[in-house]
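Undergrad: A structural model of the following input is requested.
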Amino acid sequence: MQAMAAGSASGGKGWLLFGGFAPSCRRSRAPFWNAVVFWSPAYPLAYPQAFDHVSARLSERGEWMGRPRQDENRLTIQAVAKRAGVSAMTVSNVINSTGRVSEATRERVLAAIADLGYVPNQSARRLVGSAVACVGLIYPGVESIFIDAMLAAVAVVAAEKGVQLQIRSVEDASPEGTADVARDMIRKGAQALLLLPPYAEILGEQAEVLGLGVPTAAIATAMPLPNITTIRIDNRAASRAVTEYLIANGRRRIAVLAGPLRHSDSVARLEGYRDALRAHDLPIDQALCVEGDFTFPTALAAAERLLDLSPPPDAIVAGNDDMAAAVLWVAHQRGISLPADLSVTGFDDTMIATRVWPQLTTVRQPIREMAAEAMECLARAVRNPEQNSAPTDVVFPFTMVERHSA
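TA: Numbers count the residues shown, from 1 in each chain. From the prediction side, this is the model:
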């Protein structure tokens, strides 16, 4: 067990990683983190309950800050296997209800467990009764409060379930590079993969994902993907709803600051904006459609461009909260009255939405629930591979949060 702090020299932000080495993977000595907690001197914890969950889980397992709990008299699965006259794998299959075991063998294993008083290690079975012990998580290496919050949510769920996380930030956006990272994680013990955009789209639309041999799920995509399970909201409907909210409040020259169009959710949000304009017979002016990169710096330049227009927009629909915050920044610098002369909306309802003024009207994604559902889907797929061959698409409801920016 070890604890590591990783920080950024420029921003002071980082990750506090709690973890150790997966028992089944000690030969590779590859780290598998039990949880990740975001920290920043500028803000409270993005997911403050993460620390509580992690510390509670590690304390009850006797692993907090260094020394695993040891029990010299603890029975092993090998002892049960020897008593029952079967392999350790067969005992594991009986305990986890996986694999094919005859009824006679199952009864013999259960009798051996009862005779010896064997208690299975629950930390390796915490994920809804499955045998999943390690999940590989691939995410983009960009500055994003939404990505930070999503990683923290996954870490909380993993800590609750006793699942170890193998976390990899990837900058190579090619299908081949992403697939290579996925294969490396599997070699180091990942029994399932969890992807964040854009890697969900990169792998989910490629045949290579089928050859990885492990269940794969994606969070926060914009649409179903042919080869992997997806957990998402209806981004198009959410963007249409927030644009129609602006129209209902009298806005007519509405601009959109879209995210990168290589992301399916950016495309869906842009289409939702256009749907709302068409439904109300408002023109779609290409000069009012500007692309950012889901980041604060790119949105600063985009906001300057939009507000330099004559006439300027009376509302801006931003593709996420980071970019909406940048629009507010530029508007304040120009002395624009908010929201009297300019309404601004965000997307995601991350912590920055309530740390700017005026606070952002935005769309909330149920991040924690989506992370939990992703883990559950992966567990089912590992537990019953033959029954979960077809990918599923789980769509959660979104919530429009009305605040003071629009």
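Undergrad: what residues sit buried inside the one helix or strand Cys377 maps to?
TA: Assessed by DSSP states H and E, Cys377 sits inside helix 367-383. Residues of helix 367-383 classed as buried: 367-368, 370-383 (neighbour count, 16 or more other C-beta atoms under 10 Å). Backbone N, C-alpha and C define where each C-beta goes, glycine included.
Undergrad: and for stretch 227-242?
TA: For stretch 227-242, by 16+ other C-beta under 10 Å, it's 228-236, 238-242.
Undergrad: distance from that stretch to the middle of the chain?
TA: In this view, stretch 227-242 has its centroid 14 Å away from the chain centroid, taken as C-alpha atoms, centre = their mean, to the nearest Å.
Undergrad: dump that stretch to PDB, restricted to CA.
TA: Only the C-alpha atoms of stretch 227-242 are listed here, as PDB (Å, rounded to 0.1, in the frame of the first residue of the first chain):
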ATOM      1  CA  ASN A 227     -18.900  -2.200 -29.900                       C
ATOM      2  CA  ILE A 228     -19.000  -1.000 -26.300                       C
ATOM      3  CA  THR A 229     -21.500  -0.200 -23.600                       C
ATOM      4  CA  THR A 230     -22.300   3.500 -23.200                       C
ATOM      5  CA  ILE A 231     -23.600   5.400 -20.200                       C
ATOM      6  CA  ARG A 232     -24.700   9.000 -21.000                       C
ATOM      7  CA  ILE A 233     -27.400  11.700 -21.100                       C
ATOM      8  CA  ASP A 234     -29.200  12.900 -24.200                       C
ATOM      9  CA  ASN A 235     -26.800  15.700 -25.000                       C
ATOM     10  CA  ARG A 236     -28.800  16.900 -28.000                       C
ATOM     11  CA  ALA A 237     -32.000  17.200 -26.000                       C
ATOM     12  CA  ALA A 238     -30.200  18.900 -23.200                       C
ATOM     13  CA  SER A 239     -28.700  21.600 -25.400                       C
ATOM     14  CA  ARG A 240     -32.000  22.200 -27.100                       C
ATOM     15  CA  ALA A 241     -33.600  22.600 -23.700                       C
ATOM     16  CA  VAL A 242     -31.100  25.300 -22.600                       C
END
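Undergrad: tally up the residues packed near the residue nearest to Val142 when sequence neighbours are not counted, please.
TA: Counting by C-beta to C-beta, 6 or more residues apart in numbering, Val142 lies nearest to Thr295, which is 6.7 Å off, once chain neighbours are set aside. Using other C-beta atoms under 10 Å, Thr295 is surrounded by 17 other residues.
Undergrad: who touches Thr295 in this structure?
TA: Residues in contact with Thr295 (C-beta atoms under 8 Å, 6 or more residues apart in numbering) are 142-144, 322-323.
Undergrad: show me which residues of whichever helix or strand Met323 is part of are buried.
TA: Using DSSP H and E, Met323 falls within helix 321-333. Buried positions in helix 321-333, judged by neighbour count with 16+ other C-beta under 10 Å: 321-328, 330-331.
Undergrad: list the helices and strands it packs on?
TA: Packing partners of helix 321-333 (3 or more C-beta pairs under 8 Å, 6 or more residues apart in numbering; DSSP states H and E): helix 145-161, strand 254-258, helix 296-307, strand 315-318, strand 343-345.
Undergrad: gap between that helix and the chain center?
TA: For helix 321-333, the separation from the chain centroid amounts to 25 Å (computed by C-alpha atoms, centre = their mean).
Undergrad: residue numbering should commence at 15 henceforth.
TA: Right, with 15 as the first residue, what we last looked at is helix 335-347.
Undergrad: how big is the angle separating that helix from helix 310-321?
TA: Calculated by axes from the mean of the first three to the mean of the last three C-alpha atoms, to 10 degrees, helix 335-347 forms an angle of 50 degrees with helix 310-321.
Undergrad: contact partners of helix 335-347?
TA: With C-beta under 8 Å, 6+ apart as the test, helix 335-347 has contacts from 158-160, 271, 273, 306, 308-314, 316-318, 320-321, 330, 332, 352, 356, 358-364, 366-367, 370-372, 374, 376, 419.
Undergrad: list buried residues within these.
TA: Using 16+ other C-beta under 10 Å as the burial test, the contacts of helix 335-347 include 158-160, 271, 273, 306, 308-310, 312-314, 316-317, 320-321, 330, 332, 352, 356, 358-364, 366-367, 370, 374, 376, 419 as buried.
Undergrad: now, the buried residues of stretch 241-256 that are in helices?
TA: 249-250, 252-256 (DSSP state H).
Undergrad: in TSV, list those along with pLDDT and distance to Leu284.
TA: Compiled in TSV, these are given as follows (pLDDT from 0 to 100; distance: C-beta to C-beta, whole Å):
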residue	pLDDT	distance to Leu284
Asn249	97	10
Arg250	97	9
Ala252	98	12
Ser253	98	7
Arg254	98	11
Ala255	98	14
Val256	98	13
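Undergrad: quick one: which of those is nearest Glu215?
TA: Asn249 (12.8 Å; C-beta to C-beta).
Undergrad: what strand or helix carries the closest residue to that closest one other than its chain neighbours?
TA: Leaving aside its chain neighbours, Asn249 sits nearest to Ala282 (3.8 Å; criterion: C-beta to C-beta, 6+ apart). Assigned by DSSP H and E, Ala282 belongs to helix 278-293.
Undergrad: quick one: mean pLDDT for that helix?
TA: Here helix 278-293 scores 96 as its mean pLDDT.
Undergrad: contacting residues around that helix?
TA: So helix 278-293 is in contact with 211-212, 215, 234-237, 246, 249-255, 257-258, 261, 268, 270, 272-275, 297-298, 303, 305, 308, 331, 333, 361, going by C-beta under 8 Å, 6+ apart.
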